[in-house]
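S.K.: based on what follows, work out the 3D shape:
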Amino acid sequence: MSVGLRGGKAAVIDFVLEFGAMWKRLAFSTVSRRLLHSWFRLTRGLTLGVRVAVSDGEGRILLVRHTYAPGWLFPGGGVERGETAVAAAQREVAEEAGIIATGGLRLFALYANEENFPGDHIALYVLEDFEQQPRTSSLEIAEAGFFARDALPEGVTGGTLRRLAEMAGEREVEETW
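M.R.: Have a look, this model is predicted:
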């Protein structure tokens, strides 16, 4: 900002005009940035979910059946604001199946879930070291159980079947759920 070479009232007027113009640019920039960020969040917002492939010592896989949606699938759910994906995965398996991780969760793959929910992504974790506590009854989970791959219950979701085949090395890992 330059005040100019004039003195007196003219210099003050120049200063006020230049300061006002600078303030307008700054204020507009801040407001427009906030508006654009809000717009991007609405139009390009992403969500993140987790699923956990829990495998027991006999090679069976844990599947759950929700009360509000058809099919059997890996336990999991949404990552809450301020929560890491690993923490969400640990929370979800504990809530849905009484599974407490005693070892680390290994990220298997990250998938886009555009077909089911635009902007959604799913992180699939594998868990092999855990303790199982009695599952508390829930309005969310109708059933939970460990199943051998050759004895899966009827109604396993397509996404779950594809992930099982990927984990077994029977198909390439896809980018979409």
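S.K.: isn't Glu174 up against Gly159?
M.R.: No: using Cβ atoms under 8 Å, Glu174 is not in contact with Gly159, being 9.7 Å away. C-beta coordinates here come from the backbone N, C-alpha and C atoms, glycine included.
S.K.: more neighbours: which of those two?
M.R.: The neighbour count for Glu174 versus Gly159, taken as other Cβ atoms under 10 Å, is higher for Gly159 (21 against 13).
S.K.: show me which residues of the helix or strand where the more buried one lies are buried.
M.R.: Per DSSP states H and E: Gly159 is located in helix 158-167. By neighbour count with 16 or more other Cβ atoms under 10 Å, helix 158-167 contains the buried residues 159-160, 162-164, 166-167.
S.K.: go on, stretch 82-102?
M.R.: Residues 85-86, 88-97, 99, 101 are the ones in stretch 82-102 that count as buried (16+ other Cβ under 10 Å).
S.K.: can you tell me which two in those residues are farthest apart?
M.R.: Ala85 and Ala97 (18.0 Å; Cβ to Cβ).
S.K.: count of residues packed around Leu48?
M.R.: By other Cβ under 10 Å, 17 other residues sit near Leu48.
S.K.: could you find the closest non-adjacent residue to the most centrally placed residue in the chain?
M.R.: Centroid-nearest residue in the chain, with Cα atoms, centre = their mean: Leu48, separated by 1.4 Å. Computed as Cβ to Cβ, 6 or more residues apart in numbering, the closest residue to Leu48 that is not its neighbour in sequence is Val79, at 4.4 Å.
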